[in-house]
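> Provided below for reference: sequence and predicted model.
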Amino acid sequence: MGLRSVRSALAAAVAVGAAALAAPGVASAASSGSPALELLGQSAAVTPVAPGDPAPFEVTVRVFGAVPDGAELGLSFYDKLGSRSAFEQTIGTTPNGLLQTVAPTALSGLKAVDGGYQFSVTVMAGVPERSGSDTVGLLGARGRGCVAGNGTCSGVYPVVVTLFGSDGAVLAHLTTYLVFAEARSADPLVFSWVVPIGSPVRIRTTGPLDRAVPALGPSRVSDLAALTGTLAANPSVQVTLDPSGATVDGLVASRAPGARAAVAGLRTVAVAGPGRVVAGSYVPINLAELGTAALGGVLGTQTQADAAALGGVLGGLPLADQPDRAIWIAPGGVSASIAKGLSEVGATSLVLPDADLPGDTEGGSATWAQPFQLPLGRQSVTAAVSDGQLSSHFTDAPNDPVLEATQVLADLAMIQSELPNARATRGVIAVPPAGWDPDPLFVTALVSGLANDPVVSTATLTQFFSTVPVGGNQADTTRHLAASADGEHLTSAEASGLVAASGQIDGFRVATRVGAPTVADQLEELLLTSESSELRPAAQRSGLATFERHLDAELSAIQVVQNTVTMTARTASIPITIISSADYQLTATLTLSSPKLQFPDGATRILHIDHPTNSVQVVVRARTTGDLPLTFTLTSAGGELVIAHGRLTVRSTATSIVGIVLTAVAAVVLLGWWARTWSRGRRRRRARVST
């Protein structure tokens, strides 16, 4: 027993002292051979049957790396946290205010669960316990004691799990959290989790067109299938799916295992209740940029492509289950010019990152948890922020997904504890960072915790805006963008390039309406992807250049033969030959132009290019003789896309009537002059002879 007491004291010393550093990543620790801990599961929240009753708390961890014989696990509990800033400090650093340690137990003496070890203790509110006891007395903040039954013991308590060697040396540790609620809250915090159904945006600048936008990897497909499956199986946890049209198209086209399940899960979540899916853009975009007057057409293409992708999966569902288009989720970089974009997409509510607003709080200390009016120039919009700290937990511990989920749940409890008896409903929104990969272990742990959370209720964004009041709890009804909030970085030249490219793809789709939907779709996907806000400006420019290169390659398959054509009459029919090596048909407009030729049948005509060699006869009338230039342009029906252009030379050898008359007159004059000259010369010779 003496050794156990020593180790209990050592656990406390390690947990409090500087030796307890941030736990290394599981993967790196395992690869180096040193032990590491990973959280496999725990009691998401603890609520006794009645205030003051004992309640169980369980933690299950996996041990990686070389573990010596006789290794033990111990738990150290800390004072209830008083603020979110104090909570944030415990992530990666040692908590303050040791409350109680639990005597370490040999790994061999712990229950084996899912390849890990489960440590079980009992917690009681307001009752101090001696160090080493298997019952933990929760005494509230700063160890000053709390009274069971009045809510003062409820809150978030850090818990350090420590792995000891047989000699008492600390081998590894991690910090998790006990969420304790003496009773279920009558005023739970409303939590709206925006769940992106997406994948990282990438463009290959080399290689063929059909691989320019990489397909979804099997790992991402599997994770998305697990995500939608878990959410579909837990409809009581109300979330808002934010699917990327590009990813939905990728899932539909994918042959990877799980792709069909992911699509089916998306549809199942959509029918679980109104507002479960929001509409957006084909890829994440900066609405403030693309919503300007100059780029309105580009924005329209983004939203139309997204609607087409979602329609292929959700088509046929009742109107109430269709994507909600009234809410726009901005990934960041919001500026006042977003007002134009919101108007174009028909959105009346906005979710934006809290980083785009000044760092004020409700009442000077509490997390901002109310919607507000956001002035945008001459108009305003109802808005709410996505909480940056809360969202960061989705990627804080990539090697320990269950710990990430525990951090989210604990942070939610911290927000609720700021105003546990708020008069008006409070709510927060979490939007995972761009590129977030939904680890199945994270999703399962978070959904399970939310399903039984005593202080948090879940809601869709639609419900959030309808149930969490603007100006509730005496919060300001109006907030303003930070002075530095400006996400626009497109130059006028880049904006013009996007507009031109958008017109080109529209023209290509019209010209190749028969026979080339795949090529047109691939080109459009490449262009839309190049507009993503997840790409840096240089990558956006590179993507646009890649689009132009592939489009030029497609158009190079259509060529007009450039040669010299001879016409011997003033009016003649000359051939124009178009060669096509494309695998599809085109319908195009041929436009002719020449300063020295006339076109009796008109200078334009519609051509159907459906053979390797296509010839059309054009009637021309020469205004003069010689080499006459004839320029041509082959365009899409609306002229947005120039398919081919060039120049022919028409050599006219025809002689006009006026020319013949003038020649005859000249001949008569010359003949008369010659005859007169000959006659005069003859008379002169006769005169010389006679003399």
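Perfect, I can see it now.

> How is the protein divided into domains?
Annotated domains of the chain cover 2-180, 189-474, 492-555, 558-652, 661-691 [automatic domain parsing].

> Give me the mean pLDDT for the shortest one.
Summarised as a single mean, pLDDT over domain 661-691 is 64.

> Check the fourth one too.
Here domain 558-652 scores 91 as its mean pLDDT.

> The residue sitting nearest the centre point of the chain: what's it in contact with?
Centroid-nearest residue in the chain, with C-alpha atoms, centre = their mean: Pro284, separated by 3.6 Å. Shown in contact with Pro284 (C-beta atoms under 8 Å, 6 or more residues apart in numbering): Gly198, Val201, Ser244, Pro331, Ala434, Ser532, Ser533, Glu534. For the C-beta atoms, the positions are set from N, CA and C on the backbone; glycine is no exception.

> which one of those residues sits closest to Ser76?
Within those, proximity to Ser76 (C-beta to C-beta) peaks at Ala434, which comes in at 36.2 Å.

> on that earlier part again, output the domains of the chain as CSV; include the columns distance to His480.
As requested, those are exported to CSV (distance: least, C-beta to C-beta, whole Å):
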stretch, distance to His480
domain 2-180, 23
domain 189-474, 6
domain 492-555, 22
domain 558-652, 41
domain 661-691, 84
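
> Those domains: which one's closest to Ala483?
Going by C-beta to C-beta, the one of these nearest Ala483 is domain 189-474, 8.3 Å.

> phi, psi of the residue nearest to the centre of the chain?
phi -60, psi 130 (degrees, to the nearest 10).

> Next one: it from Ala397, what distance?
Remark: distance between Pro284 and Ala397 (C-beta to C-beta, to the nearest Å) = 24 Å.

> Same check on Pro318?
Counting by C-beta to C-beta - Pro318 and Ala397 are separated by 40 Å.

> more neighbours, these two?
Applying other C-beta atoms under 10 Å to Pro318 and Ala397 shows that Ala397 carries more neighbours, namely 23 against 9.

> Return the residues in contact with that one.
Contact analysis of Ala397 by C-beta under 8 Å, 6+ apart lists Leu403, Glu404, Gln407.

> check which helix or strand covers it.
Using DSSP states H and E, Ala397 maps to neither a helix nor a strand.

> Identify the residues contacting the residue lying closest to Ile576 once chain neighbours are set aside.
In space, and not counting its chain neighbours, Ile576 is closest to Val616: 5.3 Å by C-beta to C-beta, 6 or more residues apart in numbering. Listed by C-beta under 8 Å, 6+ apart, the contact partners of Val616 are Pro575, Ile576, Ile578, Leu590, Arg605, Leu607.

> what are the ranges of the strands in the stretch 301-450 of the chain?
Ranges of strands in the stretch 301-450 of the chain, per DSSP state E, counting those that start in this stretch, are 327-329, 349-353, 372-376, 379-386, 427-430.

> that older thread, and the pLDDT for the residue nearest to the centre of the chain?
For Pro284, the predicted pLDDT is 94.

> Of the strands of the stretch 301-450 of the chain, which is nearest Arg211?
Closest approach to Arg211 among the strands of the stretch 301-450 of the chain (C-beta to C-beta): strand 327-329, 29.8 Å.

> Check the secondary structure at the residue nearest to Asp400 when sequence neighbours are not counted for me.
Closest residue in space to Asp400, ignoring its immediate chain neighbours: Glu38 at 5.2 Å, by C-beta to C-beta, 6+ apart. Using DSSP: H, G, I helix; E, B strand; the rest coil as the criterion, the local structure at Glu38 reads strand.

> measure Glu38 to Thr135 for me?
Distance, Glu38 to Thr135, using C-beta to C-beta: 27 Å.
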